[in-house]
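[1] structure for this input, please:
(2 chains)
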Amino acid sequence: MKRLQPRFEVSVLCGMSVKIEFVSQRVLSKKGEEDKLNFILNSVKKDKILVLEEPLSGEEEAKLIEKTMGAVSKDFPGIEVCTLGKVANDVRGVVIKILGGRSSGLTVVGPSNLVKQIKRDPHKLQLLAGK
Amino acid sequence: MPFHRILAWISSIFGKRKRFSLGLYGNVNVGKSTLANRISRDWTGEEMSKISEVPHETRTVVRKERVIVKVKDRELDMNLLDMPGIATKVDYREFVQYGLSQDEAQQRAKEATKGIVEAIKWLEHVEAALVVMDSAHDPYTQVNLTILGNLEARGIPVVIVANKIDLKKSRVDRIKEAFPQHSVVGLSAKTGENMKKLYEAIAAKV
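    Okay, the predicted model is just below:
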């Protein structure tokens, strides 16, 4: 059976450039949770849009929001984040990880003053970026 | 069967009434405080939260202790917790558009960010939750998914409230389709329509 892979589309308002960084699962899996969230937030604060090959878990998303709130300022109002698919934390998910497999899904995160809107349906993320 | 359900079952057998904390979670401006006031007024005669059109009016957790709700032959003894709305961004400029001065807007933004952190920390401590959504808007937001994901991971009983059914654009079916694994109650906290159904849904969960 053919498995549907999440699709990711970006629309950029004319007259501007956007930096999008794809972060592989290998890079993320080497980092602990704290390091991973700091890496995400620091990148986003530099006006980068990150596409994470491994989706954030619900707990990681909540912690990312907490960290973001601590970093909100006049120049950095926060983030837009969207996850398709989830990391399975059950036995199946753990076995897949041990065997070197990857979970299906992705997380997109960017600064809210750059990412205007993220639309989703079950298999597609659409991101509108612009100042 | 999750541990809290076993406990609830045992206490129901021995006729004990266990007090539990019920947190109201959701995005900003979905009507959490209006609902908290409605529940509080129904059973204590008093309101508990301030309401405003300006986003992030609730910036600290507002508590109302010992709200006793009668559902058929049961009494639910709860501490009601009206949580600040959760958001991924807080832009002070938005408050300026509502007529606040620059200083007031920046102060409000600062308090709002603290309130969001407080609401997230409370996810570990509530014993049941109402996740409130505006039924006139797309329910499939990251904030809703994050709140539900965290409550599910902790095994906390959840009822989704599809609020604002008094609005023409209200679509409770869209919320039911998005979250088929949860109990969804369509109601209007503003008019009080379907509140009885909500109390029954809470009683079925705790």
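
[2] do you know the pLDDT at residue 25?
    Went with chain A since none was named. pLDDT, A:Gln25: 88.

[3] wait, chain B was what I had in mind.
    pLDDT at B:Tyr25 comes out at 98.

[4] so it touches B:Lys32, yeah?
    Yes: under the criterion of Cβ atoms under 8 Å, B:Tyr25 makes contact with B:Lys32 at 7.5 Å. Backbone N, C-alpha and C define where each C-beta goes, glycine included.

[5] what's the overlap in contacts for the two?
    Residues touching both B:Tyr25 and B:Lys32 by Cβ atoms under 8 Å, 6 or more residues apart in numbering or on different chains: B:83, B:132.

[6] which residues are in contact with B:Leu167?
    Counting by Cβ under 8 Å, 6+ apart, B:Leu167 has contacts B:135-136.

[7] just to be sure, B:Glu65 is in a strand?
    Yes: membership of B:Glu65 in a strand is supported by DSSP: H, G, I helix; E, B strand; the rest coil.

[8] name the helix or strand for the nearest residue to it once chain neighbours are set aside, please.
    Leaving aside its chain neighbours, B:Glu65 sits nearest to B:Asn79 (4.9 Å; criterion: Cβ to Cβ, 6 or more residues apart in numbering or on different chains). B:Asn79 is located in strand B:74-82, with elements delineated by DSSP states H and E.

[9] what does chain A put close to chain B?
    Within reach of chain B by Cβ under 8 Å from any Cβ of the partner chain, chain A has these residues: A:57-59, A:61-62, A:65-66, A:68-70, A:72, A:74, A:77-83, A:86, A:89, A:112-113, A:118, A:120.

[10] what about 7 Å?
    Neighbours of chain B within chain A, by Cβ under 7 Å from any Cβ of the partner chain: A:58-59, A:61-62, A:65-66, A:68-69, A:72, A:74, A:77-83, A:112, A:120.

[11] what lies in contact with the helix or strand following the strand holding B:Asn79?
    Elements were assigned by DSSP H and E; along the chain past strand B:74-82, the next helix or strand is helix B:92-96. Surrounding helix B:92-96, the residues in contact under the criterion Cβ atoms under 7 Å, 6 or more residues apart in numbering or on different chains are A:74, B:54-55, B:102, B:105-106, B:108-109.

[12] and the following helix or strand past helix B:92-96 with strand B:74-82, angle?
    Downstream of helix B:92-96, the next assigned helix or strand under DSSP H and E is helix B:102-122. Helix B:102-122 and strand B:74-82 are oriented at 140 degrees to each other (axes from the mean of the first three to the mean of the last three Cα atoms, to 10 degrees).

[13] is helix B:102-122 in proximity to chain A?
    Yes: Helix B:102-122 is in contact with chain A by Cβ under 7 Å from any Cβ, via B:109, B:113, B:116-117, B:120.

[14] low-confidence ranges, chain A, go.
    Chain A contains residues with pLDDT under 70 at A:1-16, A:86-104, A:122, A:131.

[15] run the last query once more with 80
    The model of chain A has pLDDT under 80 over residues A:1-18, A:85-104, A:117, A:120-125, A:130-131.

[16] which stretches in it count as helices?
    Taking DSSP state H, the helices of chain A run over residues A:25-29, A:33-45, A:58-71, A:91-98.

[17] distance from the chain centre to the first one, please.
    When you say that, I think you mean helix A:25-29. 13 Å (Cα atoms, centre = their mean, to the nearest Å).

[18] hmm, back to that, of the residues of helix B:102-122 next to chain A, closest to chain A?
    Distance to chain A, by Cβ to the nearest Cβ, is smallest for B:Thr113 among the residues of helix B:102-122 next to chain A, at 4.0 Å.
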